[in-house]
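Enquirer: Return a 3D structure for these sequence lines:
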Amino acid sequence: MTGSIPAGHAPTLEMVAARAGVSRATVSRVVNGSPKVSPEVTEAVQAAITALNYVPNRAARSLASRRTQAIALIVPESAARVFDDPFFASIVQGAALALAGTEYTLNMLIESELDPDKTRRYLLGGNVDGALVVSHHTGDHSFAHLSRSLPLVFGGRPLDPEESSGYTVDVDNEHGAAAAAQHLVDAGRTRLATIAGPQDMPPGVDRLHGFTAVVARAGLADDLVDFGDFTAASGAAAMRRLLEQAPEIDGVFAANDQMAMGALSALADAGRSVPGDVAVVGFDDDRYAATAMPPLTTVRQPSSEMGAEMARKLVRLIAGEDVESATILPTELVVRQSG
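Expert: Prediction:
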C-alpha cells in the first residue's frame, strides 16, 4: 500500500505526503495551519495523518515556526495565597478549558518572592509564545513592559495607565459593588460599612468606589471603611475594627467572599446575628459562598469565563489577529440568606 509503514518505524512526513498524493511541503503547510492550502487538499492530508496515526514533531515545528506552543499563566502572588483563594483556581480552569482544543499547553508560574526577576527572565528566554497575567498590582512594571516583546493579556486593568499592556479582560467591579450596596440600602439598612480590598489593585479600588457612590447617593454616611488583603483572616480583623468604631453597623459589604467569610466569623464571635442584626454581602460567588453559615449573598463574577476569554484573546494575538483591547464581563447579584 502506498504510504504504508515499515515494521518498527514511526510514520513520517514523507509517508503522509505519499499517502495523500501531495508534496512534503504541502503536508508541512497543513500541519502548521497555513491558509494557503485548499480545503480538498487539507482534507486529504488530514485523512492520511489519521490513517497513519502520524504525530507532528513538535520540536521541528517549533524550530521552523519559532513557536513553542506554550503559554504562561503568571500569578504575582505568594504560593499560599494562590492555593487558598478559589478565584485563581477558576481562572486556571477557564484558561485550560479554552486551550484544550488548541495545540497550546498552559504553564502556570507563581512569581518567586525571593527573585521576582526570575519570571521575567523566563518569559524573555523564548520559553513561551505569550503570557496571561492575573492579580496585577500597581508596581508590577516589568510585566507591562514585557508587552513590547511578548504578547500579553492581563486579567484586570492596571491602575496606572502607563502600565497598560493594551489587552485586558476584566469584570465590571464597580457596577457589581454598586449592586451590592443598593441591595443593602433597599433592604432598609442605614448604617453601612465596607471591608475594601487592597488599594494597589483595580478590584480593590473599583469595588470601594462603587459601594461609596451608592451610599452617598442614598444620603447615608460613607465613613465606615476598613481594609483587608482579600483573605478571610483580614476580613475578620477588619470586621472587629469596624464594630469597635461603630457598634450600630447593620450592613456590611466585603470586597470578596473570603473577607466576607471572615466577617461572618467575627460577627458570630461578637454575638451579632446575620442577617438579623447585620446583613453581609460578598463578591465573587466562590465555591464556599453557597455553603457558608448562613449562605452568603454575593456578587457573582464569571471567573472561569474570564480565564477562558483571556486565553482566547492571547491565542488570537499570537496569531497576529486584530483583537479588542479591553473586554468587560458582567456581574450578577446572587441573593441568599446572609443579607
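Enquirer: how far is stretch 202-222 from where the chain is centred?
Expert: A distance of 24 Å separates the centroid of the chain from that of stretch 202-222, by CA atoms, centre = their mean, to the nearest Å.
Enquirer: next one: stretch 222-239
Expert: Its chain's average C-alpha position is 23 Å from that of stretch 222-239, according to CA atoms, centre = their mean.
Enquirer: quick one: low-confidence parts of the stretch 1-150 of the chain?
Expert: 1-10, 32-35, 55-66, 77-80, 82, 111-116, 135-142 (pLDDT under 70).
Enquirer: Swap in 80 and give it another go.
Expert: 1-11, 30-36, 53-68, 76-85, 110-126, 135-149 (pLDDT under 80).
Enquirer: And the helices in it?
Expert: Here the stretch 1-150 of the chain has its helices, by DSSP state H, counting those that start in this stretch, at 13-20, 24-31, 39-52, 58-65, 79-84, 86-99, 117-124, 141-146.
Enquirer: For the first one, buried residues please.
Expert: The one in question is helix 13-20. Neighbour-count burial for helix 13-20, counted by 16 or more other CB atoms under 10 Å, picks out 13, 15-20. In short, each C-beta sits where N, CA and C put it, glycine included.
Enquirer: Same check on stretch 281-301?
Expert: Neighbour counts over stretch 281-301 (16+ other CB under 10 Å) mark 281-286, 288-289, 292, 296-301 as buried.
Enquirer: with those residues in mind, which one is nearest to I249?
Expert: Using CB to CB, V281 comes nearest to I249 of the buried residues of stretch 281-301, at 13.0 Å.
Enquirer: Check what pLDDT the closest one gets.
Expert: You'll see V281 listed with a pLDDT of 98.
Enquirer: Does the closest residue to it other than its chain neighbours belong to a helix, a strand or coil?
Expert: Among residues not flanking V281 along the chain, A180 sits closest, at 4.4 Å (CB to CB, 6 or more residues apart in numbering). Put simply, A180 is helix when judged by DSSP: H, G, I helix; E, B strand; the rest coil.
Enquirer: residue contacts, A180?
Expert: If you count contacts by CB atoms under 8 Å, 6 or more residues apart in numbering, A180 has them with 210-211, 253, 281, 283, 298-299, 333.
Enquirer: Distance to R191 and secondary structure added to those residues, as JSON lines?
Expert: What follows is the contacts of A180, written out as JSON lines (distance: CB to CB, whole Å; DSSP: H, G, I helix; E, B strand; the rest coil):
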{"residue": "G210", "distance to R191": "19", "secondary structure": "helix"}
{"residue": "F211", "distance to R191": "14", "secondary structure": "helix"}
{"residue": "F253", "distance to R191": "12", "secondary structure": "strand"}
{"residue": "V281", "distance to R191": "15", "secondary structure": "strand"}
{"residue": "F283", "distance to R191": "20", "secondary structure": "strand"}
{"residue": "T298", "distance to R191": "21", "secondary structure": "strand"}
{"residue": "V299", "distance to R191": "21", "secondary structure": "strand"}
{"residue": "L333", "distance to R191": "21", "secondary structure": "strand"}
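Enquirer: Any chance of these in JSON lines with distance to R29 as columns?
Expert: Converted to JSON lines, those look like this (distance: CB to CB, whole Å):
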{"residue": "G210", "distance to R29": "51"}
{"residue": "F211", "distance to R29": "55"}
{"residue": "F253", "distance to R29": "56"}
{"residue": "V281", "distance to R29": "55"}
{"residue": "F283", "distance to R29": "49"}
{"residue": "T298", "distance to R29": "50"}
{"residue": "V299", "distance to R29": "48"}
{"residue": "L333", "distance to R29": "51"}
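Enquirer: out of these, which one sits closest to G130?
Expert: Closest to G130 out of these is F283 (29.1 Å), distances taken as CB to CB.
Enquirer: Go ahead and confirm that closest one touches L296.
Expert: No. Using CB atoms under 8 Å, F283 is not in contact with L296; the gap is 9.9 Å.
Enquirer: which neighbours do these two share?
Expert: 257, 260.
Enquirer: All the helices of the stretch 201-339 of the chain, residue numbers only.
Expert: For the stretch 201-339 of the chain, the helices defined by DSSP H, counting those that start in this stretch occupy 202-217, 232-245, 257-269, 303-318.
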